[in-house]
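1. Structure, please.
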Amino acid sequence: MFKLFQSGLCPIGIDVGSHAVRLAQFRPSAQGLSLQAACRIELDSLDGASDGLPRLGAAVRHALSSQDFVGRNVVLSLPVSCVHSKSVRLPQMPDLDLHQALQWEAKDRFGFDVGDGAAAGAAAGQLVWFRAGEVRRGTEVKDEILLFAVEGGVLNEYIQCLAEQGLRLRAVDLSPCAIYRSLRRTAADPAAPALGAVLDIGHKGSQFFIVRGEDLVFYKYVDIGGKTLNEAVAAKLGISVPEALQMRARMAAETSQEAAPLAQALADAVRAPLEELARELDMCMRYFVVTFRGSRPESLAVAGRQAGAAQVQGALAAALGLQVEEAQPLRGVHNLGDAARPDRSGEWALAAGLSLYPVPARRRMEAAA
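-> Here you go, the predicted structure:
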C-alpha cells in the first residue's frame, strides 16, 4: 500500500471539515517520508468569503499561496454531512450481484440514484460498500453491509470548486479509510492482521469505526464533537464559546502547578459529554461483539483536533476500560513544521491519509474504498 513514492511527490490531501480545512502533502526523501507542506485554515477566519463552497475555494487558494505545496494533484475527503451511511443485511451473493442490489438499496435508503441508475439528466451519485461480516439467525445467514453514498450533484460541486482553483482531483476517499491508512503506516508491523478501533473527533460530531485487518467492519457517526465540549465549558464557567475554545487550547499545553485548579475545572466541565460519548462507543462495541461473535477491541486511537487533550483521553479510558491514545500519523515523518508539530499529530490523520492515497500513474478519478 505504501510503495507509492517512487515516481515523485504524493498528492495534496484536502480534509474538508465543518470548521476547518486541512491540507497536507508528503514527499519521498533519503530518510523515508518527509512533509512537503501542511496548512490548517479556520473557515471562520476568512474575511469576505461566503459560506459553503466559495469559502472552501478561498481556503484552498490561501493554503496553496502561503505554503510550499507542489503540483496540482489532489485527493479529497468530503465533509461528513455530505456522506450518507447505513448498514444493511442482505442474503449472501457474489460481489457483482451484490453491487447491483445495493444500488437499489441505496436509492431506497438515501433517496437518490447511484452509479449507472441515475435518472436522465441527473448526475450519478457514488456508492462505496464493505462486507462487515456474517450475521446468523438460526439457520439463516446474511451479510451485513456498510453503505456509503454521496449525491451526484454534491460531488460535482466539489469537483468544480477544485477545478476552479486549477487542481486535478485524482480521487475522493472516505475519511475512515484515509485515517486508517495513515495509522497503519506507523504500526509496528503494517502487514500483520489487526483489530483496531478509531475515534475521529470532529467539530460537530465524531466518527467511530472498527477495522479488522484491512476491512472496515463497523462505522457509526455520533453527534458529540469539539463544539459540544466547548459549549459545556462555556456553560460551566460562564464564558463565551470562543473563550472556552481558547482556554481549552491554552490549557492543553499548560503543565504548571498553578494551573491545576483551572485544569480540574475544565475536566469537570467536559466530563458529562465525554461520558455520554463513551456510552455510545460502548454500545457500538457491544453490538459488534454480539453481532459478529468477535472480540472487543483492546485499544482506541483518537484522531482529530481534540485527540491531544488529556481530559478527553483520560475520561474515555476510564469509562471504556480501554487503552486510549492519540493517533500518531506523523510518527517517523521528517521536516515537520509548526503546523504539524508532534503534539498536534492527531488532527492530521485524515489529511495525511489522503496524501498517502495510492494514486496510479495514469490520470483518473475514482471513489475510494
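
2. For the chain, give me the ranges with low pLDDT.
-> 1-7, 47-51, 116-123, 188-195, 253-255, 342-343, 360-369 (pLDDT under 70).

3. Can you give the domain ranges for it?
-> By the assignment in automatic domain parsing, the chain contains the domains 12-81+153-191+329-367, 85-150, 222-324.

4. chain center to the first one, what's the gap?
-> Distance, stretch centre to chain centre, for domain 12-81+153-191+329-367: 11 Å (CA atoms, centre = their mean, to the nearest Å).

5. just the strands in the stretch 1-150 of the chain please.
-> 12-16, 20-29, 32-42, 73-77, 84-91, 126-137, 140-150 (DSSP state E, counting those that start in this stretch).

6. Packing partners of the fourth one?
-> To tie it back to what came earlier, the one meant is strand 73-77. Using 3 or more CB pairs under 8 Å, 6 or more residues apart in numbering; DSSP states H and E, the elements in contact with strand 73-77 are strand 12-16, helix 152-163, strand 168-172, helix 175-184, helix 349-355. Yep, even glycine has a C-beta here, placed from its N, CA and C like the rest.

7. And the third one, by the same measure?
-> For strand 32-42, the helices and strands in contact under the criterion 3+ CB pairs under 8 Å, 6+ apart are strand 20-29, helix 53-66, strand 333-334.

8. CA atoms only: put the first one into PDB for me.
-> Coordinates of each C-alpha in strand 20-29 appear next as PDB, following Å, rounded to 0.1, in the frame of the first residue of the first chain:
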ATOM      1  CA  ALA A  20     -11.600  24.000   9.200                       C
ATOM      2  CA  VAL A  21      -9.800  22.800   6.100                       C
ATOM      3  CA  ARG A  22      -6.500  20.900   6.300                       C
ATOM      4  CA  LEU A  23      -4.100  20.300   3.500                       C
ATOM      5  CA  ALA A  24      -1.000  18.000   3.700                       C
ATOM      6  CA  GLN A  25       1.500  16.700   1.200                       C
ATOM      7  CA  PHE A  26       4.300  14.200   1.700                       C
ATOM      8  CA  ARG A  27       7.400  13.600  -0.400                       C
ATOM      9  CA  PRO A  28       9.900  10.800  -0.600                       C
ATOM     10  CA  SER A  29      13.400  11.500   0.900                       C
END
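
9. In that strand, which residues are buried?
-> 20, 21, 22, 23, 24, 25, 26, 27, 28 (16 or more other CB atoms under 10 Å).

10. and that strand with helix 175-184, angle?
-> Angle, strand 20-29 to helix 175-184, by axes from the mean of the first three to the mean of the last three CA atoms, to 10 degrees: 40 degrees.

11. Partner strands of strand 20-29, with direction?
-> strand 12-16 (antiparallel), strand 32-42 (antiparallel) (DSSP bridges).

12. Need the residues that contact the last one.
-> With CB atoms under 8 Å, 6 or more residues apart in numbering as the test, strand 32-42 has contacts from 5, 9-10, 19-28, 59, 62-63, 66-70, 330, 332-337, 339-340, 347-348, 351.

13. In stretch 92-108, which residues are buried?
-> For stretch 92-108, by 16+ other CB under 10 Å, it's 98, 102, 103, 105, 106, 107.

14. Nearest to residue 266, out of those residues: which one, please.
-> residue 106 (42.6 Å; CB to CB).

15. Dump the strands of the stretch 1-150 of the chain to CSV, plus distance to residue 262.
-> As requested, these are arranged in CSV below (distance: least, CB to CB, whole Å):
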stretch, distance to residue 262
strand 12-16, 31
strand 20-29, 25
strand 32-42, 24
strand 73-77, 35
strand 84-91, 39
strand 126-137, 44
strand 140-150, 41
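
16. Deepest in the core, which of those strands is it.
-> Highest mean neighbour count of the strands of the stretch 1-150 of the chain: strand 12-16, a mean of 27 (counted as mean count of other CB atoms under 10 Å).

17. what number of residues lie near residue 295?
-> Close neighbours of residue 295, defined as other CB atoms under 10 Å, add up to 11.

18. Which helix or strand contains it?
-> For residue 295, there is no enclosing helix or strand under DSSP states H and E.

19. Out of the helices and strands packed on strand 73-77, flag the one nearest residue 276.
-> Residue 276 lies closest to helix 175-184 among the helices and strands packed on strand 73-77, at 21.8 Å (CB to CB).

20. the inter-axis angle of the closest one versus strand 168-172?
-> 90 degrees.

21. Can I get helix 175-184 in PDB, CA atoms only?
-> Extracted C-alpha coordinates of helix 175-184, given in PDB (Å, rounded to 0.1, in the frame of the first residue of the first chain):
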ATOM      1  CA  SER A 175     -12.400   9.500   5.800                       C
ATOM      2  CA  PRO A 176     -12.300   6.200   7.800                       C
ATOM      3  CA  CYS A 177     -10.200   4.700   5.000                       C
ATOM      4  CA  ALA A 178      -7.800   7.600   4.900                       C
ATOM      5  CA  ILE A 179      -7.500   7.800   8.600                       C
ATOM      6  CA  TYR A 180      -6.700   4.200   9.000                       C
ATOM      7  CA  ARG A 181      -4.200   4.300   6.100                       C
ATOM      8  CA  SER A 182      -2.200   7.000   7.900                       C
ATOM      9  CA  LEU A 183      -2.300   5.000  11.200                       C
ATOM     10  CA  ARG A 184      -1.400   1.700   9.600                       C
END
